[in-house]
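Engineer: Need a 3D model of the sequence below.
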Amino acid sequence: MTVAGASLGFAIGSMAPDAESAMTAGMPIMVIFMAIGIINPGGVDPDDPPPKIIQWMKMASPIRWAVEALCVAEFRDMEFGEGGKGWRFQDLPKMGAMALVQNGNQVLEALGLGDKKYSDLMKNLASLSAFNLLVGWFGLQFMSPDFIDSSNYENGDFEMR
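Structural biologist: This next block holds a predicted model:
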């Protein structure tokens, strides 16, 4: 997740003319990715998919891939029963949907992540990071931020490049 977030920041920063513009653009982009990248099984109708732009934004959200990978890593084949010392999940009061949950695979199914694999989710996160780094390279190559040419420092002749 850290690499994906850093590569997104690098891509945004390479396209901006200065650091202040990068921060101004980066914050709303991350907020949008946070809002789109969360798992919301209760409010999503599988028969009514979201608009294409939202689907594309979900694919570009590093938060989505990281949250899904963490959920799959945590809940896959987890048993909510006896075992361990101290308090147990079984000792907690069972109310609502939790009364019916027996294992982590049921949780993943309810979240719509039942068929997802951790390795596939991490590959998607790595691919997104590579794409963001490529966009960052493109931005540095072709958007060329301004630098002062210090090779003629003794002459007092400065040029912006």
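Engineer: Tell me which helix or strand A25 sits in.
Structural biologist: Here A25 is covered by helix 19-37, with elements defined by DSSP states H and E.
Engineer: Can you name the element that comes right after that helix?
Structural biologist: helix 52-60.
Engineer: Need the pLDDT of the nearest residue to G5 once chain neighbours are set aside.
Structural biologist: Nearest residue to G5, sequence neighbours excluded (C-beta to C-beta, 6 or more residues apart in numbering): P62, at 5.8 Å. Glycine gets a C-beta too; all of them are placed from N, C-alpha and C. Looking at P62, its pLDDT is 92.
Engineer: so who does P62 touch?
Structural biologist: By C-beta atoms under 8 Å, 6 or more residues apart in numbering, the contact set of P62 is 1, 4-5, 8, 33, 37, 125, 128-129.
Engineer: could you say what helices and strands the strand or helix carrying D120 packs with?
Structural biologist: Applying DSSP H and E as the criterion places D120 in helix 118-142. Packed against helix 118-142 by the contact rule (3 or more C-beta pairs under 8 Å, 6 or more residues apart in numbering; DSSP states H and E) you find helix 2-15, helix 62-75.
Engineer: roughly how far is the last one from the heart of the chain?
Structural biologist: Put plainly, it is helix 62-75. Here helix 62-75 shows a centroid-to-chain-centroid distance of 9 Å under the convention C-alpha atoms, centre = their mean, to the nearest Å.
Engineer: Show me which residues of it are buried.
Structural biologist: The neighbour-count check on helix 62-75 (16 or more other C-beta atoms under 10 Å) flags 62-69, 71-72, 75 as buried.
Engineer: what does the average pLDDT come to for the next helix or strand after that helix?
Structural biologist: Per DSSP H and E, the first helix or strand lying C-terminal to helix 62-75 is helix 104-111. The average pLDDT within helix 104-111 is 86.
Engineer: Please apply the same query to stretch 136-146.
Structural biologist: Here stretch 136-146 scores 83 as its mean pLDDT.
Engineer: Now it: buried residues?
Structural biologist: 136, 139.
Engineer: Quick check: which ranges of the chain have low pLDDT?
Structural biologist: Residues of the chain that meet the criterion pLDDT under 70 lie in 40-46, 81-100, 144-161.
Engineer: give me that answer again for 90
Structural biologist: The chain contains residues with pLDDT under 90 at 1-2, 5, 16-21, 34-55, 58, 77-114, 140-161.
Engineer: M15 and L70, how far apart?
Structural biologist: Using C-beta to C-beta, to the nearest Å, we find M15 at a distance of 29 Å from L70.
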